[in-house]
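K.L.:
Starting from these lines, generate the structure:
(one chain, ligands or ions: 1)
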Amino acid sequence: MDAAMPDPAGAPAATKAAKAAKATKATTVARKVAVRTQRRRWQRRTDSWEDHAVAGLEPVIEAVLAESGDSARGVVLDVGAGGGALAVPVASTAQRVIALDVSDRMLDRLAGRAEEEGLHNVEPVNRPIEELDLRPGSLDLIVSNYALHHLLDQDKSRFVHRAAAWLRPGGRLVIGDMMIGRGRSPDDRRILADKARIMMARGPAGWWRIVKNAWRLMTRTVERPMPMESWVRLLEDAGFVDVCGRRVVAEAAVVSGRRR
Ligand SMILES: C[S@@+](CC[C@H](N)C(=O)[O-])C[C@H]1O[C@@H](n2cnc3c(N)ncnc32)[C@H](O)[C@@H]1O
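P.N.:
Numbers count the residues shown, from 1 in each chain. This next block holds a predicted model:
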């Protein structure tokens, strides 16, 4: 179409192209900021996460492993592998595990843990998932535990589509994560109310946590969780079959699907 000629929607094509270019640039900048924020944050938080917080996620990790089934015998990608809470147990059955993360300190912990267990099939890779490029059909299983809520929403969707391409037919994608919206559904409201009750009972420290968590949930600057139903839809839209989601505990849930 001639750039000066209005298209059927009324906007000249050149204006539309300029708008699209601007939006792409804005997404690239937002992505860079998000990755840099996560890298800094997890370099700082490696020890507190690995020495304390991750212990509470054992039921989620078990659920991810259970959903992985036989796919866990092949080539596996763990996205946001951290110190290896999921990557290391998977490596005990897998042929090879690519453990992807943006924090060197996390990956050092992971490498140490794999060595302690005598596992030589774990390959730590320091790269944001947003920049990973793999051969189509080269993986049997893609797993992730409590990492994908850090991605921008458009990158969650992009990741799921790319994951479908990276998997061999029959391969599985299994995501364990905090899956919650901003309080619009009854499910969200019940989970948020339960959490608030527990924190209220902890006194001033708990009240401060409520304020901090509410701020994070509303502003979505470091944590951008999505409801379980939205994850299920993303996997279905990307062509996964046998898609199912189940709540493990509170906001933690597991969503999985199989490549046709
Ligand atoms: C809450 S920790 C979970 C670590 C591990 N999966 C576990 O279960 O213990 C989140 C991890 O995701 C990593 N991460 C955050 N954004 C990432 C990104 N865009 N690409 C790859 N890793 C990322 C962080 O560096 C951090 O190690």
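K.L.:
ok, the closest residue to the ligand within the chain - contacts?
P.N.:
Scanning the chain for proximity to the ligand using C-beta to the nearest ligand atom identifies residue 82 as nearest, at 2.4 Å. Every C-beta, even on glycine, is put in place using the N, C-alpha and C of the backbone. Residues near residue 82 by C-beta atoms under 8 Å, 6 or more residues apart in numbering: 42, 49, 50, 54, 101, 103, 106, 109, 110, 145, 147.
K.L.:
and with 7 Å instead?
P.N.:
Contacts for residue 82 (C-beta atoms under 7 Å, 6 or more residues apart in numbering) come out as 49, 101, 106, 110.
K.L.:
The third one reaches residue 42, doesn't it?
P.N.:
Which is residue 106. Yes. Residue 106 is within contact range of residue 42, at 5.7 Å (criterion: C-beta atoms under 7 Å).
K.L.:
Look at the two and report which has more neighbours.
P.N.:
It is residue 106, of residue 106 and residue 42, that has more neighbours when counted by other C-beta atoms under 10 Å, with 25 against 21.
K.L.:
Now that one. Its backbone dihedrals?
P.N.:
Backbone torsions of residue 106, given as degrees, to the nearest 10, read phi -60, psi -50.
K.L.:
ok now the helix or strand that contains residue 160, how far from the chain's centre?
P.N.:
Assigned by DSSP states H and E, residue 160 falls within helix 153-166. The chain centre lies 10 Å from the centre of helix 153-166; the measure is C-alpha atoms, centre = their mean, to the nearest Å.
K.L.:
In PDB, please show the C-alpha coordinates belonging to that helix.
P.N.:
Output of helix 153-166 as PDB, limited to C-alpha atoms (Å, rounded to 0.1, in the frame of the first residue of the first chain):
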ATOM      1  CA  ASP A 153       3.700 -11.300  30.100                       C
ATOM      2  CA  GLN A 154       4.600 -11.200  26.400                       C
ATOM      3  CA  ASP A 155       7.800 -13.100  27.100                       C
ATOM      4  CA  LYS A 156       5.800 -15.800  28.900                       C
ATOM      5  CA  SER A 157       3.800 -16.300  25.800                       C
ATOM      6  CA  ARG A 158       6.800 -16.200  23.500                       C
ATOM      7  CA  PHE A 159       8.600 -18.700  25.700                       C
ATOM      8  CA  VAL A 160       5.700 -21.200  25.600                       C
ATOM      9  CA  HIS A 161       5.600 -21.000  21.800                       C
ATOM     10  CA  ARG A 162       9.300 -21.400  21.500                       C
ATOM     11  CA  ALA A 163       9.300 -24.300  24.000                       C
ATOM     12  CA  ALA A 164       6.700 -26.100  21.700                       C
ATOM     13  CA  ALA A 165       9.200 -25.800  18.900                       C
ATOM     14  CA  TRP A 166      12.300 -26.900  20.900                       C
END
